[in-house]
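[1] Only the shape, not the letters, is given here:
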């Protein structure tokens, strides 16, 4: 098959392009700008366009389909040409659904935990040699790509994002996939630039529940009262509901042990939110025929997805952890988890405001008490990000008032953040860096080198 990608440089799009290339399909694509790591990965596979821009002449009747990314606006000249020729045009999620239409589909939804739960499931399935197609939102240890598509696998596991499918398709991505097994890990208002009220955000999960195939399974966090009530009230009679709660666990000398069937299993993940994620993944694997013993045999070697509670450095003096947390619920859970796991260490928690929601002055009160467990808290934001997103000005006083954390430091320059963090490279300290971006270009590798130099003997 010959597929052409409009906006091939997107994070999701370039992974799909690589997946189809590895499957043996012919891939072409266009984009008006391509950044790293997409650029390097496309070049590695021989898929990097020779020039940037839109080229309608690349669209012809010999194409089997066109796949349009979020960056492909309705008036995109390539998109207009494809429609004039009557070519099939798919959004990213539409193409994934079309590929998996005859497969058993597992979709992980929720405001938080999606990537980790999906990653855990894939880790367990791979450990036991169970073939599956997949789509996950982070690079995983032991997996070459973030999307895998085959003709043979009878199963597809997908992370289900609630963000719109494309510029001409406002449906949330997870409404498109129609799962046989669905998970809702939690609901906390996010994407306020799209969902203006909490109720409209909640409606997306109601719709998701009603998209589950007849006879399907809905797995949900029963400890979350909102999620529990929604799932129990909205699930149709022909859907089986499977609630989960946090498993019994203990923490000893920085290691978490999970108890099941009167056995204790050490795991690398920690924090109540991650143990809930683990339990959700166990429930999914159970539906796929993986019993408890087999699940825990595999999950003990799971070290997490990229930028999810990722241990960057630990010399016994300074511990540096990177995490993706940025929304209020994620931020609070991550900070609390690290403090509970390392109670003897001074916790310096640093987060970046980068998304539309987090950079909104009106949304700032949602962050109140989210960094309460930190001994010291730092919030970074780049004023350039506000300009790029065309958002109103945000000043440090707005952030301080919203977070309500005594002593909170607000930084708006990466160089000043670097100096501040270097000053916290002390004995018995943990630096927790949380962002969905890159702290304005902060040199984290350089920070690690400074930590190494500081405690050399």
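    Sure thing, it's come through. Given the structure is predicted, the values throughout are model-derived calculations rather than measurements. Numbering: from 1, shown residues only.

[2] Identify the residue spatially nearest to residue 391, adjacent ones excluded.
    Using Cβ to Cβ, 6 or more residues apart in numbering and skipping residues adjacent in sequence, the residue nearest residue 391 is residue 359, 5.4 Å away. C-betas here are computed from N, CA, C, even on glycine.

[3] Quick check: that neighbour touching residue 390?
    No: Residue 359 is beyond contact range of residue 390, at 10.7 Å (criterion: Cβ atoms under 8 Å).

[4] any weak-confidence spans in this structure?
    Within the chain, the stretches with pLDDT under 70 are 306, 455-457.

[5] What ranges does it have for its helices?
    Secondary structure of the chain (DSSP state H): helices at 11-23, 38-44, 77-84, 92-100, 114-127, 198-210, 225-234, 272-287, 292-299, 328-341, 383-388, 396-403, 414-422, 444-454.

[6] quick one on the thing from earlier: would you enumerate the residues in contact with the residue nearest to residue 391?
    Applying Cβ atoms under 8 Å, 6 or more residues apart in numbering, we find residue 359 in contact with 353, 381, 385, 386, 389, 391, 394.

[7] tell me the angle of the top strand by length along the chain relative to helix 414-422?
    Ranked by residue count, the top strand of the chain under DSSP state E comes out as strand 346-353. If you take axes from the mean of the first three to the mean of the last three Cα atoms, to 10 degrees, strand 346-353 sits at 160 degrees to helix 414-422.

[8] roughly how far out does strand 346-353 sit from the chain middle?
    How far strand 346-353 lies from its chain's middle: 19 Å, per Cα atoms, centre = their mean, to the nearest Å.

[9] which strands and helices sit next to that strand?
    helix 328-341, strand 376-381, helix 414-422, strand 429-434 (3 or more Cβ pairs under 8 Å, 6 or more residues apart in numbering; DSSP states H and E).

[10] Quick check: bridge partners of residue 155?
    Under the criterion DSSP bridges, residue 155 forms beta bridges with residue 104.

[11] What separation is there between residue 317 and residue 422?
    14 Å (Cβ to Cβ, to the nearest Å).

[12] how close does residue 161 get to residue 146?
    Distance from residue 161 to residue 146, by Cβ to Cβ: 13 Å.

[13] Now list whatever residues contact both of the two.
    residue 137.

[14] more crowded one of those two?
    Legend: neighbour count by other Cβ atoms under 10 Å for residue 161 and residue 146, higher for residue 146 (24 against 20).

[15] Name the nearest residue to the more buried one, ignoring sequence neighbours.
    residue 15 (4.4 Å).

[16] for the one you found, what are its contacts?
    135, 145, 146, 147.

[17] any idea which of these has the most stuff around it?
    Among the contacts of residue 15, residue 135 has the most neighbours (other Cβ under 10 Å), with 28 neighbours.

[18] I figured that one was touching residue 147, is that so?
    Yes: counting by Cβ under 8 Å, residue 135 touches residue 147, with 4.9 Å between them.

[19] what residues do these two have in common as contacts?
    12, 15, 16.

[20] wait, which of the residues you listed is closest to residue 223?
    Among the shared contacts of residue 135 and residue 147, residue 12 lies closest to residue 223 (Cβ to Cβ), at 30.6 Å.

[21] so what's the closest one closest to, chain neighbours aside?
    Nearest one to residue 12, counting by Cβ to Cβ, 6+ apart, is residue 92 at 5.4 Å.

[22] for residue 104, what are its contacts?
    154, 155, 156, 180, 181.

[23] Separate out the buried members of these.
    155, 156, 180, 181 (16 or more other Cβ atoms under 10 Å).

[24] Name the pair among the residues you listed with the greatest separation in space.
    156 and 181 (10.7 Å).

[25] Overlap in contacts, these two.
    With Cβ under 8 Å, 6+ apart, residue 156 and residue 181 have common neighbours 104, 105, 106.

[26] Now distance to residue 273 too, for those residues, in JSON lines please.
    Below are the shared contacts of residue 156 and residue 181 laid out as JSON lines (distance: Cβ to Cβ, whole Å):
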{"residue": "104", "distance to residue 273": "27"}
{"residue": "105", "distance to residue 273": "25"}
{"residue": "106", "distance to residue 273": "20"}
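
[27] Tell me the one among those nearest to residue 289.
    residue 104 (11.1 Å).

[28] re the thing from before, and the residue nearest to residue 146, how far from residue 280?
    Distance from residue 15 to residue 280, counting by Cβ to Cβ: 23 Å.

[29] circling back to that earlier point, with respect to residue 284, which of the contacts of residue 104 is nearest?
    Checking the contacts of residue 104 against residue 284 by Cβ to Cβ gives residue 181 as the nearest, at 6.1 Å.

[30] Could you pull up the residues touching that closest one?
    With Cβ under 8 Å, 6+ apart, residue 181 has these contacts: 104, 105, 106, 107, 216, 217, 219, 284, 287, 288.

[31] any idea how far it lies from residue 239?
    Going from residue 181 to residue 239 by Cβ to Cβ gives 10 Å.
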